[in-house]
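# show me how the following folds:
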Amino acid sequence: MPRAIWNGAVLAESDQCVVVEGNQYFPPESIHREYFKPSNTHTTCPWKGVASYYTIEVNGQVNPDAAWYYPNTKEAAKTIEGYVAFWRGVKVEV
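As a prediction, the model looks like this:
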């Protein structure tokens, strides 16, 4: 089962992930929300839409914008709407 881990904490785990462009997108209900803080960062993907970000905080350590999701995707990316993906040192084990 895919798991996202950073600074010794499991941030998310699910057997319902969707893989897009090599990234595991975790269902929103699978993330451990206590580690996630909303960020003001947004980026745009031409075919997915506008991404929003979370800053991850574990044991006093902060990883800015280490997770992203698409709250309202374009039609081609509806399968990952609301799903969360990781980068910036977050290890995703499959």
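# just give me the neighbour total for the closest residue to Pro28 other than its chain neighbours.
In space, and not counting its chain neighbours, Pro28 is closest to Gly82: 4.7 Å by CB to CB, 6 or more residues apart in numbering. Using the backbone N, CA and C atoms, a C-beta is placed for each residue, glycine as well. As a burial measure, Gly82 scores 13 neighbours (other CB atoms under 10 Å).
# which positions within the helix or strand containing Tyr54 qualify as buried?
Element membership of Tyr54, judged by DSSP states H and E, is strand 49-58. By 16 or more other CB atoms under 10 Å, the buried positions in strand 49-58 come out as Gly49, Ala51, Ser52, Tyr53, Tyr54, Thr55, Ile56, Glu57, Val58.
# I'd say the fifth one and Glu34 touch.
If I follow you right, that is Tyr54. No. With contact defined as CB atoms under 8 Å, Tyr54 does not reach Glu34; the gap is 11.7 Å.
# now flag whichever of the buried residues of strand 49-58 is closest to Gly8.
Val58 (7.0 Å; CB to CB).
# for the closest one, give its distance to Phe36.
Relative to Phe36, Val58 is positioned 10 Å away (CB to CB, to the nearest Å).
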